[in-house]
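Colleague: here you go, sequence then predicted model.
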Amino acid sequence: MKLQGNEIDRLNQRQIVKHKQQFEYISTQIPDIENILNKISAFNITIPSWALGTGSTRFGRFSGGGEPRNLEEKISDVGLIHALNKSSNSISLHIPWDIPENASSIKDFAAQFDLHFDAVNSNTFQDQSNQKLSYKYGSLHHVDIAVRQQAIDHNIEVINYGVQLGSKALSVWLSDGSNFPGQLNFRRSFENTLDSLQKIYYQLPDDWKIWIEYKPYEPNFYSTTIADWGQSHLLASKLGPKASTLVDLGHHLQGTNIEQIVSLLLMEGKLAGFHFNDSKYGDDDLTVGSINPYQLFLIFNELVEGMDAVGLDHANSLGWMIDASHNVKDPIEDLLQSVQAIKIAYTQALLVNKQALNEAQQNNDVVMAQEILQAAFRIDVSVLIAEASLRNGGALNPIECFRKLRLRENLIKERGINTIATGL
Ligand SMILES: [Mn+2]
């Protein structure tokens, strides 16, 4: 399904007078507002192909109807999201859940929605039906070289798909680890992983990157072979300049200071980018900003400060992607909420008075440092994001637009009520 531009315009017109009043007011409060709007406009967040269907837990799955039945329909859903918010101009594929059978026609199809392909994701955390050897005891770290080779070959196959689609990065998350003490020799496990990653690294095209994700536990509950940013960074450093560390917000133990990790990885030039989500307890995959929007703001504050310190372009230097799974929400609405939350945190971070914060830090003025940060966090920036969307032809309020245009009802009519998307 493809949205007609005038459908969005028609709804925007109903709210335009109120919006303009609000925008005029905030324009008087914020210096250099055009520069801020340009940055908001340029900032896009990749949608993963596995987030367009209703997610499941290990207890059940409750499909919402009208879910995409194939890759084309997933691309078309991302196209809808992008038409509404003008902030989601790329899609990230997971192989083998979404194999592009004919890559050039898939690429052309995506281009019709102004979409391109971001990082490709490999999967060695589950066995596929046609697979020769099992990943029950891991993949790239496995004690058996034949299993490692199978996993290496899979990653190279994923790179090849990515090359055909115009992707520029391979994203690797391993579930490798152990469930019980004594099960693994940690050193050999790390060395095997490094050796396997090196074999994949050598196959990367010149202009490609490899992003190494970490996670402290689950599905293994005693050790994980790439458990934290230190282990990921150690691997990335040994691999070379094309390798860096990917931060998934849900992949930390409770209380971890993620913003500090981000700051130091950026300083070292080893931050690949993000998998955005939110969590209350563990890898909960909740909507971005739904639990702890202040933490998200603090992360963006470090990102903006750290990228500006080394002259990195905010929009294109790092990978920005959502990695979440939704049990009870409409997946498209959920993704619109997540993108909005990311843009809010980013915009608030742009509005931090950096000079004043730096002075407060230099003077050990702890109270003023907190005042400065929280002053930016408390600004309602939604009107700025709406203005950027409006200027780009998107909706003033994407979720309201999705509902008023009855887009889910139309998708159910087109695809049926009992559809289940491939993926999580
Ligand atoms: Mn992730």
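Modeller: Thanks, I have the structure now. Residues are numbered from 1 along each chain as shown.
Colleague: got a list of what M267 touches?
Modeller: Applying Cβ atoms under 8 Å, 6 or more residues apart in numbering to M267 gives the contacts G306. The way it works is simple: take the backbone N, C-alpha and C, and place the C-beta from them, glycine included.
Colleague: just read off the phi/psi values of it.
Modeller: Torsion angles at M267 (phi, psi; degrees, to the nearest 10) stand at phi -60, psi -40.
Colleague: quick check: M1 touching N410?
Modeller: Yes. Counting by Cβ atoms under 8 Å, M1 touches N410, with 6.1 Å between them.
Colleague: assign the residue positioned nearest the centre of the chain to helix, strand or coil.
Modeller: By Cα atoms, centre = their mean, the chain has its centre lying nearest to M321, at 1.7 Å. Of the three states, M321 takes strand under DSSP: H, G, I helix; E, B strand; the rest coil.
Colleague: mean confidence for stretch 338-357?
Modeller: If you average the pLDDT over stretch 338-357, you get 98.
Colleague: over to stretch 63-83?
Modeller: For stretch 63-83, the mean confidence score works out to 94.
Colleague: and stretch 110-121, by the same measure?
Modeller: Per-residue pLDDT over stretch 110-121 has a mean of 98.
Colleague: ok, residues contacting that stretch?
Modeller: Contacting residues not belonging to stretch 110-121 are listed as 2, 46, 48, 75-76, 78-79, 82-83, 89-95, 107, 158-159, 161-162, 165-173, 211, 319, 321 [Cβ under 8 Å, 6+ apart].
Colleague: type out the PyMOL command that picks the buried ones from those.
Modeller: Remark: buried members of the contacts of stretch 110-121, expressed as a PyMOL selection using 16 or more other Cβ atoms under 10 Å:
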select buried, resi 46+48+75+76+78+79+82+83+89+90+91+92+93+94+95+107+158+159+161+162+165+167+168+169+170+171+172+173+211+319+321
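Colleague: restricted to helices, list the contacts of stretch 110-121.
Modeller: Among these, the members falling in helices (DSSP state H) are I75, S76, V78, G79, H82, A83, K107, V158, I159, Y161, G162, L165.
Colleague: what about Q370, helix or strand, and which?
Modeller: Per DSSP states H and E, Q370 falls inside helix 366-377.
Colleague: which elements pack onto that helix?
Modeller: Applying 3 or more Cβ pairs under 8 Å, 6 or more residues apart in numbering; DSSP states H and E, we find helix 366-377 packed against helix 293-309, helix 331-350, helix 354-362.
Colleague: tell me what the residue in the stretch 101-250 of the chain that the ion sits nearest to is bridged to.
Modeller: Nearest residue of the stretch 101-250 of the chain to the ion: D248, at 3.7 Å (Cβ to the ion). Going by DSSP bridges, D248 is paired in beta bridges with H275.
Colleague: does it really touch P216, like I thought?
Modeller: No. Shown here, D248 and P216 do not form a contact pair, counting by Cβ under 8 Å, at 10.8 Å.
Colleague: looking at the two, which is more packed in?
Modeller: Taking neighbours as other Cβ atoms under 10 Å, D248 and P216 compare with D248 leading, 22 against 17.
Colleague: who touches the lengthiest helix in the chain?
Modeller: For the chain, the helix with the greatest residue count under DSSP H is helix 5-29. In this structure, residues lying in contact with helix 5-29 by Cβ under 8 Å, 6+ apart are 33, 83-84, 383-384, 386-387, 390, 393-397, 400-401, 404-405.
Colleague: only whichever of these are buried, select them in ChimeraX.
Modeller: If you want just the buried ones from the contacts of helix 5-29 in ChimeraX, going by 16+ other Cβ under 10 Å, the selection is:
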select :83,84,383,384,386,387,390,394,395,396,397,401,405
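Colleague: after the longest helix of the chain comes which helix or strand?
Modeller: Downstream of helix 5-29, the first helix or strand assigned by DSSP H and E is helix 33-42.
Colleague: pLDDT of that following helix, averaged?
Modeller: On average, helix 33-42 scores 98.
Colleague: okay, buried residues for it please.
Modeller: I36, L37, K39, I40, S41.
Colleague: just give the nearest non-adjacent residue to the first one, would you?
Modeller: Across the structure, with Cβ to Cβ, 6 or more residues apart in numbering as the measure, the residue nearest I36 apart from its sequence neighbours is L350 (5.5 Å).
Colleague: wait, that neighbour touches V304, no?
Modeller: Yes. Counting by Cβ under 8 Å, L350 touches V304, with 6.1 Å between them.
Colleague: which residues of the stretch 151-300 of the chain lie near the ion?
Modeller: Counting by Cβ under 5 Å from the ion, the residues of the stretch 151-300 of the chain lying close to the ion are D248, H275.
Colleague: can you give me the strands in the stretch 151-300 of the chain?
Modeller: Under the criterion DSSP state E, counting those that start in this stretch, the stretch 151-300 of the chain contains strands at 169-172, 177-178, 209-213, 223-224, 243-248, 271-276.
Colleague: quick check: which of those is buried the most?
Modeller: Most buried of these, by mean neighbour count (mean count of other Cβ atoms under 10 Å): strand 169-172, with a mean of 27.
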